[in-house]
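1. Here is my input; please provide its structure:
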Amino acid sequence: MEIFWVFLEPAHIGVASTVLLISQNYNFKKWYNLILLLTVIISFSLAAYVLLVFGLYVKFLLTSKHIVLYTFILLFISMIVVLIALNYEQGDNFFNKYIFERLSFEDGEMVGNNRVSHGFKQDFERFMDSNKIWFGTEYDPSRYEGGNAGYRVYIYQNGFVGLLLIIIFYISLIPAGTPIFLTLFLLLLNILIFWKGGTPLWYNLIIPYLFSFSSLKQFYVRK
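-> Got it, this is the predicted structure:
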């Protein structure tokens with residue numbers, strides 16, 4: 001079970017909340033950021049959790065002189081959370097069933113890597129061997145059982161030309177004089193989001209991306 005409201009699935013709400021937290025440098029002195037953190041937690045979204053920890057670690061890496069200490073603290077907290085999830089009620093709890101069990105592997109694939117159906121995987125493989133890879137082709141979700149999402153759906157619809165245009169678009173939004181570490185971090189963050197969701201033109205991703213360059217610039221400068 002995942003918690004969500006009437007407009008978006010939990011992963012979208014969780015990722016959007018995480019991006020907003022990152023754009024404000026995890027400033028938990030603001031009450032509304034605590035609400036965003038709570039939203040991420042109750043979304044039970046694996047993608048949101050991964051992005052939250054990734055962003056927090058990069059924050060420590062680029063802004064703190066005590067990166068080794070913070071690395072051990074993050075690892076220690078993570079180990080405690082995992083142990084509690086695995087042992088509480090013999091593992092029959094939300095976090096273990098919907099987060100940690102999805103990190104296990106079966107037949108060489110992660111259990112939680114369920115962004116596309118088997119039928120779409122086959123269509124995507126045929127698409128990659130066709131002459132439609134440059135400009136994409138029509139995507140009909142009614143042909144598949146279950147939903148499909150992620151980078152494969154975007155490439156299937158828009159082709160590699162569309163992918164190239166998105167890359168150019170995101171790079172063109174980088175303001176002059178942005179620290180290289182901040183630029184790489186925000187680009188990598190959005191690559192991860194694109195890999196998961198395949199929705200690079202959603203406003204809830206573009207607006208925090210633009211805002212982050214100015215809001216985080218003072219923090220992400222190596223002394």
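
2. residue ranges of the helices in this protein, please?
-> 10-23, 31-43, 46-63, 67-87, 94-95, 118-128, 151-172, 180-197, 203-215 (DSSP state H).

3. Pick the most deeply packed of these.
-> helix 10-23 (a mean of 24; mean count of other CB atoms under 10 Å). Yep, even glycine has a C-beta here, placed from its N, CA and C like the rest.

4. Who are the packing partners of that one?
-> Here helix 10-23 touches helix 31-43, helix 46-63, helix 180-197, helix 203-215, going by 3 or more CB pairs under 8 Å, 6 or more residues apart in numbering; DSSP states H and E.

5. now what about that helix, what contacts it?
-> 2-5, 8, 33, 36-37, 39-40, 43-49, 51-52, 55, 59, 189, 193, 196-197, 204-205, 208-209, 211-212, 215-216 (CB atoms under 8 Å, 6 or more residues apart in numbering).

6. How about stretch 161-169?
-> With CB under 8 Å, 6+ apart, stretch 161-169 has contacts from 134, 135, 136, 154, 155, 158, 194, 200, 201.

7. how about a cut-off of 10 Å?
-> With contacts defined as CB atoms under 10 Å, 6 or more residues apart in numbering, stretch 161-169 is touched by 133-136, 151, 154-155, 158-159, 187, 190-191, 194, 200-201, 206.

8. Which two among the residues you listed are spaced furthest apart?
-> Spatial extent of these (CB to CB) is set by the pair 133 and 206 at 25.6 Å.

9. Quickly note the distance from the residue nearest to residue 152 when sequence neighbours are not counted to residue 50.
-> Among residues not flanking residue 152 along the chain, residue 124 sits closest, at 5.0 Å (CB to CB, 6 or more residues apart in numbering). Counting by CB to CB, to the nearest Å, the separation of residue 124 from residue 50 is 23 Å.

10. again with residue 33
-> For residue 33 relative to residue 50 (CB to CB), the value is 19 Å.

11. Ok, residue 136 next?
-> 28 Å.

12. what's the answer for residue 129, then?
-> 31 Å.

13. Sketch out the low-pLDDT regions of the protein for me.
-> Applying pLDDT under 70 to the chain picks out residues 1-8, 88-91, 93-114, 220-223.

14. Nearest residue to the middle of it?
-> residue 193 (3.8 Å; CA atoms, centre = their mean).

15. what are the phi and psi values for the spatially most distant residue from the centre of the chain?
-> Taking CA atoms, centre = their mean, the residue of the chain most remote from its mean C-alpha position is residue 131, at 30.4 Å. With angles defined as degrees, to the nearest 10, residue 131 sits at phi -90, psi 10.

16. Residue 47 contacts residue 197, doesn't it?
-> Yes. Judged on CB atoms under 10 Å, residue 47 makes contact with residue 197 at a distance of 7.7 Å.
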